[in-house]
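J.: when you get a sec, could you give me coordinates for this:
(one chain, ligands or ions: 1)
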Amino acid sequence: MSDPVLEVQDLHVHFDTYEGRHEVLNGVDLTVEEGETVALVGETGCGKSVTGKTIMGTLPRPPGEIVAGEIRYRGTDVLADEAVHDRIKREQMSMIFQDPMTYLSPVFTIESMMRDVVKYHDRRDVSWWEMFSDIIGRDSAENEEIRDRSIDLLRRLQIPDPEGILDRYPVELSGGMRQRVLIAMALINEPEFLIADEPTTALDVTVQDQILNLLKERTENRNLSMLYITHNLGVARQIADKIYVMYAGSIAESGPTETLFDAPLHPYTRGLLASIPKLTGFESEGISGSIPNYTDPPSGCRFHPRCPAYMEGVCEQSHPERFDVGTDHETACYLYEDGMTTSEALDIAESEVRYEPSRLVEAQHDGGGDGRGE
Ligand code: SF4
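T.: Below you'll find the model as predicted:
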């Protein structure tokens, strides 16, 4: 069997700030196989984007520091050699970032940025002379071919008047259009591995659906493998083969998409599903409190201050390992034991993990931190 495209093992990332040391990633493990789409889901602030940037090699260091762990891309340990990581990233990987204004230059047109991405994506440096030659040789056959490819891709991303958009600057576009330009720039070189960080959050649902279909078509027909970061469980269900649920810097539960929706086990996963707004007119149930402070995270299971199934004397003692609870299904929770079947584990989840309507629970909790005993 061939190596997975991506293997992340026990990844720890900390940040030094004036407030102190933030222990953000606390042992992340995940695997993406060839041609697979894996979704990384969780609340804002749980470490999803930090995981994506660390894999892509764009983590700002400092203040970030990779304290421990391995990232293997097609068997190569990319953290062991920065030059190798940089080369693989330029030649084979791509990332759609969350905030288009941060990643699009305000002083270049969309056409010139797309042309640079095609021509120079595998280079570290580009001289001013090369850039100047590009501007005066704008009508060269190569540039015309890049322009045609850009127009085709922008059209497939449902951008109206793609020819006109190429001559504009980012400030002249709406937020949704800028986001789609960023998606086009990430796809134009046909990467083998894509990290998509909340790529459709700024888009309305019909455009979102078309973009998800385009990404799906790429994974099915062009052997693209993808790590899709989102807080939206509906999007994850639509696009992913496998889901990793992340909480406060580590993986709480993972499994094939349908298994995770049919038999959610970890109290955090069950809370996320209970938090989805209902159309019945009743208040949705959900998780009280918020993500903990990473300078002083709760001991043991970091979810224990918010967990409805918390077991005193157990859960705050040590961080739970992930237990095997069915085919390719794992969960990091002391309610379960290694080797249980999914249905045995689901019986436990249904009897032990209960979420009450959020307005009742809110009155009893004060949010993050280790709030037990109050
Ligand atoms: Fe809840 Fe304990 Fe499981 Fe953590 S280990 S999720 S606190 S039951």
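J.: from now on I want contacts and neighbour counts done on CA atoms only, so please keep to that.
T.: Fine.
J.: what's the pLDDT at the most far-flung residue of the chain relative to its centre?
T.: Most distant from the centre of the chain: residue 136, at 39.6 Å, with distances by C-alpha atoms, centre = their mean. We have a pLDDT of 70 for residue 136.
J.: residues in contact with it?
T.: Contacts for residue 136 (C-alpha atoms under 8 Å, 6 or more residues apart in numbering) come out as none.
J.: what's the closest non-adjacent residue to residue 165?
T.: Taking C-alpha to C-alpha, 6 or more residues apart in numbering, and ignoring the residues beside it in sequence, residue 165 has residue 110 as its nearest neighbour in space, at 7.0 Å.
J.: you'd agree the one you found is up against residue 163?
T.: No - in this structure residue 110 lies outside contact range of residue 163 using C-alpha atoms under 8 Å: 10.3 Å.
J.: if you count what's nearby, which of the two comes out ahead?
T.: residue 110 (24 against 17; other C-alpha atoms under 10 Å).
J.: so what's residue 345 closest to, chain neighbours aside?
T.: residue 336 (6.4 Å).
J.: for that neighbour, what are its contacts?
T.: Applying C-alpha under 8 Å, 6+ apart, we find residue 336 in contact with 323, 325, 345, 348.
J.: what does residue 257 give?
T.: With C-alpha under 8 Å, 6+ apart, residue 257 has these contacts: 237, 240-243.
J.: top of those residues by neighbour count?
T.: That'd be residue 243 among these, by other C-alpha under 10 Å, with 29 neighbours.
J.: what segments of the stretch 201-350 of the chain are helices?
T.: In the stretch 201-350 of the chain, the helices defined using DSSP state H, counting those that start in this stretch lie at 205-221, 233-239, 257-262, 267-274, 342-352.
J.: kindly indicate which of the contacts of residue 257 lies nearest residue 208.
T.: Nearest to residue 208 among the contacts of residue 257: residue 237, at 13.7 Å, using C-alpha to C-alpha.
J.: next one: the closest one from the ligand, what distance?
T.: Residue 237 sits 22 Å away from the ligand when distances are taken as C-alpha to the nearest ligand atom, to the nearest Å.
J.: which one is that residue nearest to, not counting chain neighbours?
T.: residue 257 (6.3 Å).
J.: ok, residue 47 next?
T.: residue 249 is the one closest to residue 47 (C-alpha to C-alpha, 6+ apart), at 5.2 Å.
J.: ok, the one you found touching residue 29?
T.: No - Residue 249 is not in contact with residue 29 according to C-alpha under 8 Å; the separation is 10.3 Å.
J.: out of these two, which sits in the busier spot?
T.: When residue 249 and residue 29 are compared for neighbours, residue 249 comes out ahead with 25 against 19, by other C-alpha under 10 Å.
J.: the more buried one: what's it in contact with?
T.: By C-alpha under 8 Å, 6+ apart, the neighbours of residue 249 are 24-28, 46-48.
J.: at 10 Å instead, please
T.: Residue 249 makes contact with 11-13, 23-28, 42, 45-48, 50-51, 291, 294, 302, according to C-alpha atoms under 10 Å, 6 or more residues apart in numbering.
J.: what is the neighbour count of the closest residue to residue 340 other than its chain neighbours?
T.: In this structure, residue 340 finds its nearest non-sequential neighbour in residue 325, 4.9 Å apart by C-alpha to C-alpha, 6+ apart. Residue 325: 22 surrounding residues under other C-alpha under 10 Å.
J.: just the CA atoms of stretch 14-27, as PDB, please.
T.: Written as PDB, here are the backbone C-alpha positions of stretch 14-27 (Å, rounded to 0.1, in the frame of the first residue of the first chain):
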ATOM      1  CA  HIS A  14       2.900  27.000  20.900                       C
ATOM      2  CA  PHE A  15       2.900  30.800  20.600                       C
ATOM      3  CA  ASP A  16       4.800  33.300  22.700                       C
ATOM      4  CA  THR A  17       2.900  36.500  23.400                       C
ATOM      5  CA  TYR A  18       3.000  39.300  26.000                       C
ATOM      6  CA  GLU A  19       0.300  37.400  27.900                       C
ATOM      7  CA  GLY A  20       2.500  34.300  28.100                       C
ATOM      8  CA  ARG A  21       2.900  31.000  26.200                       C
ATOM      9  CA  HIS A  22      -0.200  29.800  24.400                       C
ATOM     10  CA  GLU A  23      -0.200  26.000  24.000                       C
ATOM     11  CA  VAL A  24      -2.400  26.000  21.000                       C
ATOM     12  CA  LEU A  25      -1.800  22.600  19.300                       C
ATOM     13  CA  ASN A  26      -1.700  19.800  21.800                       C
ATOM     14  CA  GLY A  27      -0.900  16.700  19.800                       C
END
